[in-house]
Each structure stands twice: as C-alpha cells, then as structure tokens.
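Q: Structure for this input, please:
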Amino acid sequence: MILTDTGIDALNDSRDSLVSWLLKVTGLQYSSPTLAYHQNPSAKASTADRAMSKFQAGGGIPRNASDDIPDEDTLSPREQKARVVALRGLSQARDGEFDAARETFGDAIRLDPRLDLSRLPSFWNMPNQTHDAVIEALYDTERTRDAASLIADLRTRFRPRLLPNRDSR
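A: The predicted structure follows:
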C-alpha cells in the first residue's frame with residue numbers, strides 16, 4: 001500500500017481530531033509533540049485521569065479506568081490472606097468440590113468484605129457451578145447487592161444469542 005501526501009495529511013487530521021476529542025473528554029491537555037500530557041488545573045481529578053497517570057508511570061495501557069487493583073505490596077495481611085483463601089476456593093471449584101468452594105469463598109469474603117471474587121484470575125472461565133457457589137457465598141455473608149450484581153453480570157455475559165435465520169441468506 002502506497003500512502004500519498006494527501007493520505008498522510010488525512011491520517012494526521014483524523015489523529016488530531018481523535019486526540020482533541022479524547023483530551024476534551026478526559027480533561028487533559030496536549031503539551032508537546034512527544035505525546036506528553038499534563039493535568040488541566042481547571043478539571044476535576046477523574047478516574048480517567050488516574051488511569052492516565054498510572055499509564056504514564058509505566059503501569060502499561062489501562063484495561064479499564066475502574067481497574068484499580070492494588071499491588072500485592074499495598075494489601076494488608078488480612079486482605080492477602082483473603083485472596084489466598086479465595087484462590088483456594090477456585091482450586092476446589094476446579095476440582096469439582098463446589099460445596100467446599102462455597103464455604104471457602106465465604107471465608108474469604110468474611111476476611112475481606114471488599115473482596116471482588118469476579119476479579120480473580122480465570123473466574124469467568126470456570127464452570128457455572130463455580131459462579132453459583134460464589135453467589136451463594138455472597139448471600140451467606142449478607143452481600144445481597146453484590147450477589148445481584150454478579151447475577152446480572154453473568155446473565156449479560158452468558159446470555160443465549162439468536163442464531164441467524166437460514167432463510168435470510
């Protein structure tokens with residue numbers, strides 16, 4: 001593919017309009033051609049700003065602005081233990097011991113009430129019984145809102161999709 005000067009100019013214009021839209025949305029300012037960004041003092045600090053500063057600090061491309069998963073070093077010993085217990089629950093669920101996994105998930109939730117079990121590694125690749133065990137553990141520990149949220153997320157992620165009609169081809 002050969003790009004002419006006109007094509008390169010069109011790409012530059014598209015990039016500039018995308019950057020200006022992104023800067024307007026996030027409240028950041030473009031300060032130099034080296035893609036160095038700095039905070040607009042008149043804008044409020046938002047989740048997107050925190051994600052961008054984390055990106056600039058070398059954290060890599062943020063997957064989602066709300067993905068503020070703390071480092072293992074910043075967790076309290078109780079939170080670290082809760083994560084270890086939750087991973088043990090995943091291991092039990094992987095082995096098909098769903099009742100034991102439900103109890104273990106409940107123990108993890110009691111250790112760290114802010115623990116989000118859906119963010120555990122490979123949680124979404126586990127069998128449906130694992131998700132059911134987590135929901136039951138959330139209900140057992142009286143986190144009904146989190147259980148309802150997880151149910152809604154499961155219904156969204158794994159909802160049945162309609163097959164295309166063969167007659168319309």
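
Q: mind listing the helices for this structure?
A: In the chain, the segments counted as helices under DSSP state H are 5-26, 47-54, 77-94, 98-111, 128-140, 144-157.

Q: I'd like the mean pLDDT over the last one, please.
A: Confidence over helix 144-157, taken as the mean pLDDT, stands at 91.

Q: How about residues contacting that helix?
A: 116, 117, 118, 124, 131, 134, 135, 138, 139 (Cβ atoms under 8 Å, 6 or more residues apart in numbering). Using the backbone N, CA and C atoms, a C-beta is placed for each residue, glycine as well.

Q: Sort out which of the residues you listed are buried, if you could.
A: 117, 131, 134, 135, 138 (16 or more other Cβ atoms under 10 Å).

Q: Need the max-distance pair from those residues.
A: Longest distance between any two of the buried ones among the contacts of helix 144-157 is 10.7 Å, between 131 and 138; criterion Cβ to Cβ.

Q: Which helix or strand in this structure has the lowest average pLDDT?
A: strand 37-39 (a mean of 41; mean pLDDT, DSSP states H and E).

Q: Pull out the buried residues from stretch 101-119.
A: Of the residues in stretch 101-119, those buried (16+ other Cβ under 10 Å) are 101-109, 111-112, 115, 117.

Q: Would you check how far apart the closest residue to residue 75 other than its chain neighbours and residue 94 are?
A: Of all residues not flanking residue 75 in the chain, residue 83 sits nearest, at 7.3 Å (Cβ to Cβ, 6 or more residues apart in numbering). Going from residue 83 to residue 94 by Cβ to Cβ, to the nearest Å gives 16 Å.

Q: So if I had to pick from those two, which one is more boxed in?
A: residue 83 (17 against 14; other Cβ atoms under 10 Å).
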